[in-house]
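Colleague: here is my input; please provide its structure:
(2 chains)
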Amino acid sequence: MKAYHLFRKDLFSEIRNRYAINSLAMFIIVTISVILFSVGEETISDYLSGGLYWVVVFFTGMSGLARVFVSEEERGTTLTLQLIARPETVLSGKLIFNLVLTLAMNIVITFLYSALFPAFVIKSLMLFFITFILGTLGIAISSTIIAAIISKAGSKGTLYPVLSFPILLPLILILINLTKISMDGTPFGEAIMDVLFLASYDVVMLSVSYLLFDFIWKD
Amino acid sequence: MKNKYIFGGIIVAVFLTLMIYLFTQTNVQYESDFTKVMEKGRTVKATGSWVKEKNYEIDKVNKTFSFFMRDEKGNEMKVVCPGTIPNNFESATSVVVTGEYTNGYFAAKDILTKCPSKYESPNKSS
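Modeller: From the prediction side, this is the model:
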């Protein structure tokens, strides 16, 4: 059993019942239209629209990304998965699936957002693109390992945002800051510190999740 | 199996220290050279002092006020600020404006004034 096969299995079962995709799509539509209605006729400043963009990403991620492990627990297939695959394989497979899901979600949000908010103009596209990729990676990695932790717990829905918030907070802060300065048109070279911070956050989360997954999975 | 934890632990420790180090480095740039401010054409924080010989002007129609700022090297530029003049503007030793240089003047979004210090060391005379 390879990570790729696990990813395929998750993808097919997702295409069949479309639970995560639907909840993500609903959340994107709801949050963006709530922001649109509350803004109304007023023009919001550039920086505010950049911050709100990541608010949409964060809450949308909260609604659908926990499904990877929760669905296994609900269908009672966790034990089978423990028998046929090694913990690292399981984590890799789920991580790839979440990564694809987060990437799709963020692309949709970015296009909708830039179409609906005229204030959301990025001057330094290169910097924003790197921020976007590293941010997507970070959100996918963190949400996968948190999903594995909460899937064993009783009240999954409430525990997920509560646990994610302190872990994702440094990521969200730096992402908002980077979006802000990419709106100013800062060239990539001047924001290298923040980009490095983002990259090391991803590396730390990735290695921590591979180290700790054995304990989470076996209990 | 034990190798994995040692190896992983080292990676986490190294990158965590890197993260903490990077977090303490501030990325905010204060520009004290106005020639650079004029070249960049994007939002910067410019520091300098108010040129008292050239008085400030208040535009009541557009609700802005404008004044001239001088940097360390003696370059001058015109700054246009929205809103009212800060209370301690006339006694300020230096001024920090956030904004962008466009069409021959600096369009500020925000202004900060630095007060002269009231507290001086007691044994200054000695």
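
Colleague: residue most distant from the centroid, chain A?
Modeller: Relative to the C-alpha centroid of chain A, counting by CA atoms, centre = their mean, residue A:41 is the outermost residue, at 30.7 Å.

Colleague: for that residue, give its distance to residue A:127.
Modeller: Distance, residue A:41 to residue A:127, by CB to CB, to the nearest Å: 31 Å. For the C-beta atoms, the positions are set from N, CA and C on the backbone; glycine is no exception.

Colleague: tell me the SS of the spatially most central residue of chain B?
Modeller: Among the residues of chain B, the smallest C-alpha distance to the mean C-alpha position (CA atoms, centre = their mean) belongs to residue B:45, namely 3.7 Å. Using DSSP: H, G, I helix; E, B strand; the rest coil, the three-state assignment for residue B:45 comes out as strand.

Colleague: these two touch, right, it and residue B:31?
Modeller: Yes. Residue B:45 is within contact range of residue B:31, at 6.5 Å (criterion: CB atoms under 8 Å).

Colleague: any idea which helix or strand carries the residue farthest from the centre of chain A?
Modeller: Remark: residue A:41 resides in no helix or strand, with elements defined by DSSP states H and E.

Colleague: up against chain B, what does chain A have?
Modeller: Residues of chain A lying close to chain B (CB under 8 Å from any CB of the partner chain) are A:123, A:170, A:177, A:181, A:184-186, A:190-191, A:193-194, A:196-197, A:200-201, A:203-204, A:207-208, A:210-211.

Colleague: redo that, cut-off 7 Å
Modeller: Selection of chain A residues close to chain B by CB under 7 Å from any CB of the partner chain yields A:184-186, A:191, A:193-194, A:196-197, A:200-201, A:203-204, A:207-208, A:210-211.

Colleague: tell me where the chain has strands.
Modeller: Going with chain A. For chain A, no strands are identified by DSSP state E.

Colleague: looking at chain B here, not the other one
Modeller: B:30-31, B:44-50, B:57-59, B:64-70, B:76-82, B:94-102, B:105-114.

Colleague: for residue A:25, find the nearest of these.
Modeller: strand B:105-114 (36.7 Å; CB to CB).

Colleague: which outside residues touch the closest one?
Modeller: Contacts to strand B:105-114, defined as CB atoms under 7 Å, 6 or more residues apart in numbering or on different chains, come from residues B:46, B:77-81, B:86, B:88-89, B:92-100.

Colleague: weed out the non-buried ones from these.
Modeller: When burial is judged by neighbour count using 16 or more other CB atoms under 10 Å in any protein chain shown, the buried members of the contacts of strand B:105-114 are B:46, B:77, B:79-81, B:89, B:92, B:95-100.

Colleague: re earlier: sort out which of the residues of chain A next to chain B are in helices and list them.
Modeller: A:184, A:193-194, A:196-197, A:200-201, A:203-204, A:207-208, A:210-211 (DSSP state H).

Colleague: which of those count as buried?
Modeller: Buried residues within those, defined by neighbour count using 16+ other CB under 10 Å: A:184, A:194, A:196, A:197, A:200, A:201, A:203, A:204, A:207, A:208, A:210, A:211.

Colleague: quick one: which two of those residues are the most distant?
Modeller: Maximum pairwise distance among those (CB to CB): 38.2 Å, between A:184 and A:211.

Colleague: so who does the residue lying closest to residue A:82 once chain neighbours are set aside touch?
Modeller: Nearest-residue entry for residue A:82: residue A:217, 6.9 Å, with adjacent residues in sequence omitted and distances by CB to CB, 6 or more residues apart in numbering or on different chains. Contacts were defined as CB under 7 Å, 6+ apart; by that measure residue A:217 touches A:82, A:87, A:90, A:148.

Colleague: contact partners for the nearest residue to residue A:127 once chain neighbours are set aside?
Modeller: The shortest distance from residue A:127 to any non-neighbouring residue, by CB to CB, 6+ apart, is to residue A:182 (4.1 Å). In this structure, residue A:182 makes contact with A:122, A:123, A:124, A:127, A:128, A:131, judged by CB under 7 Å, 6+ apart.

Colleague: having no further points to raise, I will conclude here.
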